[in-house]
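Engineer: model the following, please.
(one chain, ligands or ions: 1)
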Amino acid sequence: MFPIQLSLVGNQRLILSTRGRSGFIKTLPWLRHAREFASNSKDFSISKTRNIGIIAHIDAGKTTTSERMLYYAGVTKKIGDIDHGDTVMDYLAAERERGITINSAAITFGWEGHRINLIDTPGHVDFTMEVERAVRVLDGAVTVLDGVAGVEAQTETVWKQADKHSIPRIAFVNKLDRTGAAFGRTVKEMWKKLRARPLVLQLPIYAEGGHGIRGVADLVTMETVLWDPTKIDGSAFVREPLVESTDPKLWEEAVRGRTALVEALAEMDDAIVEVFFEEADGEHLAVPAIALKAALRRVTLENKAVPVLCGAAFKNVGVQPVLDAVIDYLPSPLDRPPALATMRDAKTALIPLSEVGKLCALAFKVTHDPRRGPLVYVKVYSGKLPVRATLYNTTTNHKERANKLLQMYAREAEEIPVIQAGNIGVIVGLKDTRTGDTLVLANDTQAIKSNLQLNTIEIPSPAFFAAIEPDAVSEEQAIEEALRNLTREDPSVRVWTDEESGQMLISGMGELHLDIIKDRLINDFKCKATMGKMRISYRETCQAPGVASTVYDKEVLGKKSRAGCSVTLEPTEDPSNQITIQLQEDLADSLPHLTQEDIDQAIQTGYQSGLSRGAVLGFPLAQVHVKIDKLETFGAETTLGAISASVSNSIQEALRHADPCLLEPMMEVHAEVNEHHIGSVVSDLSGTRRGHVIGLYATDDKTAVQDTEVYSPPDSLHQDVDAYKAKQVIKAHVPLSSMLGYSNSLRSLTGGNGQFSMRVIGYGAMSKDRERSVVQEMRG
Ligand SMILES: Nc1nc2c(ncn2[C@@H]2O[C@H](COP(=O)(O)OP(=O)(O)OP(=O)(O)O)[C@@H](O)[C@H]2O)c(=O)[nH]1
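Structural biologist: Predicted structure coming up:
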């Protein structure tokens with residue numbers, strides 16, 4: 001694309017552009033439409049691909065930023081607005097109504113000769129699983145931070161998720177137009193709360209009197225970037241060299257910032273030290289921007305530091321440089337270590353996948369499209385996935401055909417002939433593939449034989465469940481079908497039927513999660529159903545040892561099926577269940593028709609089934625140690641089904657003699673409050689809410705941070721902000737049942753100044769009185 005010069009104002013260059021690095025005029029954004037990009041997209045090499053996600057706390061401005069990215073890239077002709085409910089990324093009715101992201105939408109667009117696959121992820125804690133799935137396939141991430149609220153609770157959670165997968169990140173400090181916004185303070189919090197090494201690349205430039213953000217000072221190129229106030233869509237901005245005489249205060253701070261940037265990079269990167277002494281003669285300002293960018297890319301890819309940019313997405317200031325930074329500093333799939341997979345031969349060891357090998361793809365998301373049917377989002381880790389290929393799902397052992405391949409532009413889609421290694425795309429035509437499954441080619445006998453599987457996603461325990469009642473018997477089938485689709489989309493949703501009441505039950509991660517499922521059943525799948533009261537998903541355990549021996553003896557299809565089993569059950573401190581198998585040595589000799597591997601598998605199946613239902617209210621068991629003491633065999637009559645059934649029955653029988661009781665989900669709560677609210681919040685948590693306060697620490701606790709001092713610009717330079725006051729964080733363990741409706745109560749205890757985060761940390765015992773009242777309530 002050739003640059004078109006539109007006008008020159010003095011020595012300024014007016015840029016109607018998505019891009020500002022060279023200062024030349026590029027193109028009007030809406031001229032570059034998605035389809036134009038799509039027709040060229042096949043030409044992008046994998047080194048010019050960026051699979052990135054936007055991660056942050058709820059309401060930090062992820063969707064607002066993504067919508068601007070799409071607009072400046074020419075994918076949309078109009079900027080979608082969360083507050084008007086017309087965003088491209090949040091397209092579900094449930095998302096638009098609530099103004100929040102639920103689904104990680106994936107969208108592809110072009111930027112400066114690169115293909116960006118962008119995934120906008122939800123910020124609400126109930127959808128942590130959705131973030132986990134997205135983070136799995138990302139190569140890099142943009143963390144959006146609210147410049148007023150700073151680093152918030154869920155930012156810390158998603159940051160840890162990205163840490164777990166060593167995802168290189170850049171940060172965008174957003175909402176700097178708002179009163180009380182403080183860029184410097186937010187940078188400090190990144191250092192202190194996230195333990196990250198922030199590298200400030202920009203300073204905000206405010207309008208006279210500190211009101212309204214106009215642009216940014218670029219410390220890499222030492223330029224000002226000012227958005228044209230007459231172009232409210234933010235498509236026009238001007239870059240010009242930073243000059244001391246124009247704004248001496250800004251110049252002074254920019255010199256400090258540039259010096260700090262060069263110094264910080266020199267600590268982490270030897271090549272920039274060489275440039276500093278040999279090309280720049282030890283002058284911080286003389287280090288060429290190109291050398292700084294190269295060093296920034298190296299330290300970001302190595303996860304040593306996080307480049308930080310700033311702006312106000314809602315005011316259309318600062319978004320284009322974020323896209324530049326995605327290209328400049330975040331990795332292509334080739335810069336990432338190979339994905340890890342397991343193979344049956346290698347037992348549980350993880351082996352790195354080679355990119356040039358045969359096809360291996362991960363289904364990281366499944367959505368239901370009323371017109372096209374299930375859409376399976378995949379990331380291809382090795383080989384290539386051609387259209388109409390017959391695929392083999394090594395997780396479910398099913399064969400399926402990839403009828404169509406799509407590149408997604410949010411709701412719009414473009415058919416493509418192939419998905420190459422490193423790229424993300426959508427397969428149409430797979431009916432049995434679920435989120436988390438591994439796909440290989442159906443003719444790849446080696447991968448199938450060795451059961452090649454990409455490292456799977458950990459699914460946390462659901463905390464809530466509710467009953468679903470069809471409004472009429474005729475609705476049952478439609479509801480079952482819709483629930484099947486929903487569980488394929490979201491593996492953290494579980495559906496089962498209660499054996500006693502025959503009721504259909506559904507469990508999810510939180511109140512909002514279940515609320516959204518109900519909404520989607522009714523609005524998206526048009527089911528006529530009623531969801532019952534949301535209830536807490538308890539666990540059950542035993543308090544004493546229990547022993548039992550049972551024999552399974554039935555006729556199945558006219559054939560005798562017999563096996564016996566003796567088990568001992570014991571309570572354990574371990575949060576998960578354990579099994580110890582102590583079998584007699586001659587077992588394999590007495591069962592020549594079965595392999596040892598199959599017998600082990602049958603015992604495991606019986607063990608899982610025996611622990612799936614407790615003796616008090618039928619909740620799954622936790623913190624139980626099962627010892628399989630003996631297996632009684634009856635020659636050819638002992639089938640695998642009989643072994644599983646006898647193990648399961650013996651566990652259930654032993655449980656009845658082992659003093660069974662209920663356990664309730666325990667939450668780790670971090671409540672961040674001002675000093676003068678500590679007393680009331682602590683007494684509320686430890687009193688009425690039955691919690692244990694574990695500790696108290698300040699949000700700027702220096703002991704928690706590495707020694708290196710980090711450059712953060714003084715906020716007073718740019719805007720009148722209240723002096724930063726560290727808040728106190730109260731850490732407590734509290735039963736989930738006591739945390740229902742806590743946001744309202746914390747709001748009233750702190751005059752709206754408190755915030756909190758919580759996560760399930762395990763299950764805890766409850767008093768006999770409380771257990772009685774739960775049992776009474778559950779049994780109605
Ligand atoms: N003043 C101001 N408001 C903003 C800015 N960016 C976003 N907002 C507002 O902040 C609110 C939340 O923005 P979203 O983009 O939905 O935030 P999100 O991070 O995507 O939220 P979830 O998807 O729910 O996690 C909306 O009302 C936006 O209009 C900004 O730069 N300045």
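Engineer: check the residue most central in space within the chain and give its pLDDT.
Structural biologist: Geometric centre of the chain, nearest residue: residue 131, 1.3 Å, by Cα atoms, centre = their mean. Note for residue 131: predicted pLDDT of 76.
Engineer: leaving out the residues flanking it, which one is nearest to it?
Structural biologist: Excluding the flanking residues, the one nearest residue 131 by Cβ to Cβ, 6 or more residues apart in numbering is residue 121, at 4.7 Å. Using the backbone N, CA and C atoms, a C-beta is placed for each residue, glycine as well.
Engineer: buried set for stretch 379-393?
Structural biologist: By neighbour count on 16 or more other Cβ atoms under 10 Å, the buried set for stretch 379-393 is 379-385, 387, 389, 391-393.
Engineer: now those residues in CSV, with secondary structure, distance to the ligand and pLDDT?
Structural biologist: Formatted as CSV, the buried residues of stretch 379-393 follow (DSSP: H, G, I helix; E, B strand; the rest coil; distance: Cβ to the nearest ligand atom, whole Å; pLDDT from 0 to 100):
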residue, secondary structure, distance to the ligand, pLDDT
379, strand, 22, 91
380, strand, 28, 92
381, strand, 28, 90
382, strand, 33, 89
383, coil, 34, 90
384, strand, 33, 91
385, strand, 30, 95
387, coil, 33, 94
389, coil, 35, 94
391, strand, 33, 96
392, strand, 36, 95
393, strand, 31, 93
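Engineer: below-threshold pLDDT in the stretch 1-150 of the chain: ranges please.
Structural biologist: 1-44, 80-105, 120, 122-126, 128 (pLDDT under 70).
Engineer: again, 50 this time
Structural biologist: Counting by pLDDT under 50, the stretch 1-150 of the chain has low-confidence residues at 1-42, 100-102, 104.
Engineer: you'd agree residue 565 is up against residue 626?
Structural biologist: No - counting by Cβ atoms under 8 Å, residue 565 does not reach residue 626; the two are 10.6 Å apart.
Engineer: show me where the stretch 551-700 of the chain has its helices.
Structural biologist: 587-590, 596-610, 640-656, 678-686 (DSSP state H, counting those that start in this stretch).
Engineer: which stretch among these comes nearest residue 225?
Structural biologist: Nearest to residue 225 among these is helix 678-686 (42.7 Å), distances taken as Cβ to Cβ.
Engineer: who touches that closest one?
Structural biologist: 669, 671, 673, 691-693, 696, 728, 730, 732, 734, 745-746, 749-750, 754 (Cβ atoms under 8 Å, 6 or more residues apart in numbering).
Engineer: rewinding a little: redo the helices of the stretch 551-700 of the chain as JSON lines? Include distance to the ligand, mean pLDDT and mean neighbour count.
Structural biologist: Shown next, in JSON lines, are the helices of the stretch 551-700 of the chain (distance: least, Cβ to the nearest ligand atom, whole Å; pLDDT from 0 to 100; neighbours: other Cβ atoms under 10 Å):
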{"stretch": "helix 587-590", "distance to the ligand": "55", "mean pLDDT": "73", "mean neighbour count": "12"}
{"stretch": "helix 596-610", "distance to the ligand": "36", "mean pLDDT": "90", "mean neighbour count": "18"}
{"stretch": "helix 640-656", "distance to the ligand": "42", "mean pLDDT": "95", "mean neighbour count": "24"}
{"stretch": "helix 678-686", "distance to the ligand": "25", "mean pLDDT": "93", "mean neighbour count": "17"}
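Engineer: distance to residue 46 added to these, as CSV?
Structural biologist: CSV is the format used below for the helices of the stretch 551-700 of the chain (distance: least, Cβ to Cβ, whole Å):
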stretch, distance to residue 46
helix 587-590, 50
helix 596-610, 39
helix 640-656, 46
helix 678-686, 51
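Engineer: ok, which of the ones you listed comes nearest residue 285?
Structural biologist: Proximity to residue 285 (Cβ to Cβ) singles out helix 678-686 among those, at 46.6 Å.
Engineer: may I have that closest one as CSV, with CA atoms only?
Structural biologist: Extracted C-alpha coordinates of helix 678-686, given in CSV (Å, rounded to 0.1, in the frame of the first residue of the first chain):
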residue,chain,number,x,y,z
ILE,A,678,-10.2,-2.7,58.2
GLY,A,679,-11.9,-3.2,61.5
SER,A,680,-15.4,-3.5,60.1
VAL,A,681,-14.4,-5.8,57.2
VAL,A,682,-12.4,-8.1,59.4
SER,A,683,-15.2,-8.5,62.0
ASP,A,684,-17.7,-9.1,59.2
LEU,A,685,-15.5,-11.8,57.6
SER,A,686,-14.6,-13.6,60.9
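Engineer: for this protein, what helix or strand is lowest in average pLDDT?
Structural biologist: Of all helical and strand segments in the chain, the minimum by mean pLDDT, DSSP states H and E falls on strand 8-9, at a mean of 30.
Engineer: find the nearest non-adjacent residue to residue 330, please.
Structural biologist: residue 140 (3.2 Å).
Engineer: er, residue 730 actually
Structural biologist: Per Cβ to Cβ, 6+ apart, closest to residue 730 is residue 671, 4.7 Å.
Engineer: from residue 743, how far off is the one you found?
Structural biologist: Going from residue 671 to residue 743 by Cβ to Cβ, to the nearest Å gives 11 Å.
Engineer: neighbour-wise, which of these two wins?
Structural biologist: Applying other Cβ atoms under 10 Å to residue 671 and residue 743 shows that residue 671 carries more neighbours, namely 28 against 12.
Engineer: give me the beta-bridge partners of that one?
Structural biologist: Applying DSSP bridges to residue 671 gives these bridge partners: residue 730, residue 756.
Engineer: ok, it - contacts?
Structural biologist: Residues near residue 671 by Cβ under 8 Å, 6+ apart: 681, 685, 729-730, 732, 746, 754-756.
Engineer: quick one: which of the residues you listed is most hemmed in?
Structural biologist: residue 685 (26 neighbours).
Engineer: may I see the buried residues of the longest helix seen in the chain?
Structural biologist: Counting residues, the longest helix found in the chain (DSSP state H) is helix 248-268. Within helix 248-268, the residues scored as buried using 16+ other Cβ under 10 Å are 250-251, 253-262, 264-266, 268.
Engineer: list just the nearest of these to residue 481.
Structural biologist: Using Cβ to Cβ, residue 268 is the member of those that lies nearest residue 481, at 54.3 Å.
Engineer: let me know the pLDDT of residue 585.
Structural biologist: In this model, residue 585 is scored at 67, pLDDT.
Engineer: give me the number of neighbouring residues for the residue of the stretch 401-550 of the chain found nearest the ligand.
Structural biologist: When scored by Cβ to the nearest ligand atom, the stretch 401-550 of the chain has residue 512 as its residue closest to the ligand, at 10.6 Å. Other residues within reach of residue 512 by the criterion other Cβ under 10 Å amount to 19.
Engineer: quick check: it vs residue 430, distance?
Structural biologist: 29 Å.
Engineer: next one: residue 532
Structural biologist: Applying Cβ to Cβ to residue 532 and residue 430 gives a distance of 33 Å.
Engineer: between these two, who's got more neighbours?
Structural biologist: Between residue 532 and residue 430, counting by other Cβ under 10 Å, residue 430 is the more crowded of the two (24 against 14).
Engineer: contacting residues around the more buried one?
Structural biologist: 363, 374, 376, 391, 400-402.
Engineer: before we move on, what SS does it have?
Structural biologist: Recorded secondary structure, residue 430: coil (DSSP: H, G, I helix; E, B strand; the rest coil).
Engineer: that one and residue 583, how far apart?
Structural biologist: Separation of residue 430 from residue 583 (Cβ to Cβ) stands at 40 Å.
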